[in-house]
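Colleague: Just need the structure, nothing else, for what follows:
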Amino acid sequence: MSWVFLAGDKVYKLKKPVRFPYLDFSTLDRREAACRAEFSLNRRLAPDVYVGVLPLMFSHQGLSLGGEGRIVDWLVVMRRLDDRWALEEVVHEGRLETAHLDRLVATLVRFYRRARPAFLSPDTYLAEWPRNLALNRRVLLNPRFDLPFGLISRIDRTLCKFVAERRDILAARVRGRRIVDGHGDLRPEHVWLDHEVRIIDCLEFNTRLRTVDPFDEIAFLTIECERLGAAWAGRYIRRAMERGLREKFPAELFLFYRSYRAMLRARLAIAHLLEAHPRTPDKWPRRARTYLAIAARDAARLETILRTPRGR
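Modeller: Residues are numbered from 1 along each chain as shown. Take a look at the predicted model:
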């Protein structure tokens, strides 16, 4: 949702003047507020990366960053990171070690322990899930995409069954104040592993999308590691997070979150084909099917648990 300008050791991000149901950058004031939110929220996990917010000025001499004139827009200023140390790149090059993951886990444990608990009721949290599942279903089952109808329907039925039959598990996460103001987009391409762990690009523009269960965010990260061919890293992160948070991730809840997140990522991938002129149109059906395969495996395991009487 931003134009990104690379300039030496700095990165400048300029918000696009767009409006969608989940964000609104349509006015100068809204873009300024979004820039300031991006700066503030991302300093939680990357304090030395986010440098500040600068006005883009217009005067008789033209455009400038800061200085005299009329403010025409706002930019977030970041320190440029070394792409070789993005988690995605480290995985691709086969350089990922458990020491990297230990540092990442330590960072995430500190973050979630300090994160502000969300002020929402169990009913509010529970009401989100049928809507989320319905949106995934509506997009993924669009006939124009030619995705496997039966597979998607089976996954969806299992996820809906969990929401209906395990409401107590989801509600307990809220009552236990486990739902927090998190990152919202914890993907390997947002994680840097050089001297210090830095995690950038949280969802600053939408508090609701950033209001998450840490188990959900970790589940998301594990499926992304799996998609990159590093499923072992996801398993390692899960076990280490359980130790760090001193809390066991219930198998059925973790499988639900994983399968849901994989369906969401499949939806977001295939939705690129709804654009007027999608770039790399052949890429997105393959990407969606990869996520659907992950979702299907986890949903099958979840279905087995749901069929087992509780208490056994």
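
Colleague: which other helices and strands contact the longest helix anywhere in the chain?
Modeller: Ranked by number of residues, the top helix in the chain under DSSP state H is helix 283-307. Contact analysis of helix 283-307 by 3 or more C-beta pairs under 8 Å, 6 or more residues apart in numbering; DSSP states H and E lists helix 149-165, helix 214-227, helix 251-270 as its packing neighbours. Using the backbone N, CA and C atoms, a C-beta is placed for each residue, glycine as well.

Colleague: Residue 218 is in contact with residue 249, correct?
Modeller: Yes. Here residue 249 reaches residue 218: they are 7.5 Å apart, a contact under C-beta atoms under 8 Å.

Colleague: Run a quick neighbour tally on residue 34.
Modeller: 21 (other C-beta atoms under 10 Å).

Colleague: Which of the helices or strands spans it?
Modeller: For residue 34, the host element (DSSP states H and E) is helix 28-42.

Colleague: which residue of this structure sits farthest from its center?
Modeller: residue 60 (42.4 Å; C-alpha atoms, centre = their mean).

Colleague: how far away is that residue from residue 192?
Modeller: 41 Å (C-beta to C-beta, to the nearest Å).

Colleague: Now do the shared contacts for residue 249 and residue 218.
Modeller: With contacts taken as C-beta atoms under 8 Å, 6 or more residues apart in numbering, residue 249 and residue 218 have 238, 241 as neighbours in common.

Colleague: For stretch 175-194, C-alpha coordinates in CSV please.
Modeller: What follows is stretch 175-194, C-alpha atoms only, in CSV (Å, rounded to 0.1, in the frame of the first residue of the first chain):
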residue,chain,number,x,y,z
ARG,A,175,-10.9,-14.5,29.1
GLY,A,176,-7.3,-15.3,29.8
ARG,A,177,-6.3,-12.0,28.2
ARG,A,178,-4.3,-13.9,25.6
ILE,A,179,-5.5,-11.8,22.6
VAL,A,180,-3.1,-8.9,22.2
ASP,A,181,-2.1,-6.0,19.9
GLY,A,182,0.3,-8.0,17.9
HIS,A,183,2.2,-7.7,14.6
GLY,A,184,-0.5,-8.9,12.2
ASP,A,185,1.7,-10.0,9.4
LEU,A,186,4.4,-12.2,10.8
ARG,A,187,6.0,-13.5,7.6
PRO,A,188,9.6,-14.5,6.9
GLU,A,189,10.1,-11.6,4.5
HIS,A,190,9.4,-9.3,7.4
VAL,A,191,12.0,-10.9,9.7
TRP,A,192,15.7,-10.0,9.7
LEU,A,193,18.3,-12.1,11.4
ASP,A,194,21.6,-10.3,11.3
